[in-house]
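Trainee: sharing a sequence plus its predicted fold:
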Amino acid sequence: MKELHQAIEQLYTYIQGIWLRRRYMIITAWLICPAGWFYVYHMPPTYEANAKLYVETRTILEPLLRGLAIRNNPDDEIKLMARTLLSRPNLEKIARATDLDLQARDEKQFESLIDGLQKSIKISASGRENIYVISYSNPVPQMALNVVQQT
């Protein structure tokens, strides 16, 4: 009971301190908020496209892994498919199909574009079994949609 009384007394002291210094807090908030508003206003827009898919690993990977590997759990098989999906040749196909390769002027820029795609395309579980989400963000909404559709 004594501890509860001390906690209430400490809370009362904090509230009293806040009340006495309310002017300083309001002035500080009015100085900081416009800077935050300015920053948020000048942030570039980003659009995210998502696609949910059902992955049946047994029918797809069964012929490929027959005789090569022991049956794994489905999570390992999904990771294998995600690595295959985000492999360099597939990302190059996605870049060419969505005309992202037109932004690159030389081979070095194209390589950095492929690296950026590899980092930007996210594959995650949606919580339900065998349903996964592919997502990609881009400042151009149609480009984000095209990349997800091609993936």
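Mentor: Cool, got the structure. Residues are numbered from 1 along each chain as shown.

Trainee: got the phi/psi numbers for S135?
Mentor: phi -130, psi 150 (degrees, to the nearest 10).

Trainee: can you tell me how far it is from A104?
Mentor: With distances taken as Cβ to Cβ, to the nearest Å, S135 is found 23 Å from A104. C-beta coordinates here come from the backbone N, C-alpha and C atoms, glycine included.

Trainee: show me which of these two is the more surrounded one.
Mentor: Per other Cβ atoms under 10 Å, whichever of S135 and A104 has more neighbours is S135, with 18 against 15.

Trainee: residue contacts, that one?
Mentor: 48-51, 121-122, 124, 148 (Cβ atoms under 8 Å, 6 or more residues apart in numbering).

Trainee: quick one: it from E129, how far?
Mentor: Noted for S135: a distance of 19 Å to E129, by Cβ to Cβ.

Trainee: the nearest residue to I121 once chain neighbours are set aside in helix, strand or coil?
Mentor: Leaving aside its sequence neighbours, I121 sits nearest to Y136 (Cβ to Cβ, 6 or more residues apart in numbering; 5.2 Å). At Y136 the chain is in strand, as set by DSSP: H, G, I helix; E, B strand; the rest coil.

Trainee: neighbours around Y136, how many?
Mentor: Neighbours of Y136 under the rule other Cβ under 10 Å: 24.

Trainee: quick check, it in contact with T46.
Mentor: No. Using Cβ atoms under 8 Å as the test, Y136 is too far from T46 to be in contact (10.3 Å).

Trainee: you'd agree S124 is in a helix?
Mentor: No. Read with three-state DSSP, S124 is strand and lies in no helix.

Trainee: may I have the secondary structure class of the closest residue to it other than its chain neighbours?
Mentor: Nearest residue to S124, sequence neighbours excluded (Cβ to Cβ, 6+ apart): V133, at 5.3 Å. On the three-state scheme (three-state DSSP), V133 is labelled strand.

Trainee: how near is the closest residue to L100 other than its chain neighbours to Q6?
Mentor: Residue nearest to L100 in three dimensions, not counting chain neighbours: L113, with 6.1 Å by Cβ to Cβ, 6+ apart. Note on L113: its distance to Q6, by Cβ to Cβ, is 61 Å.
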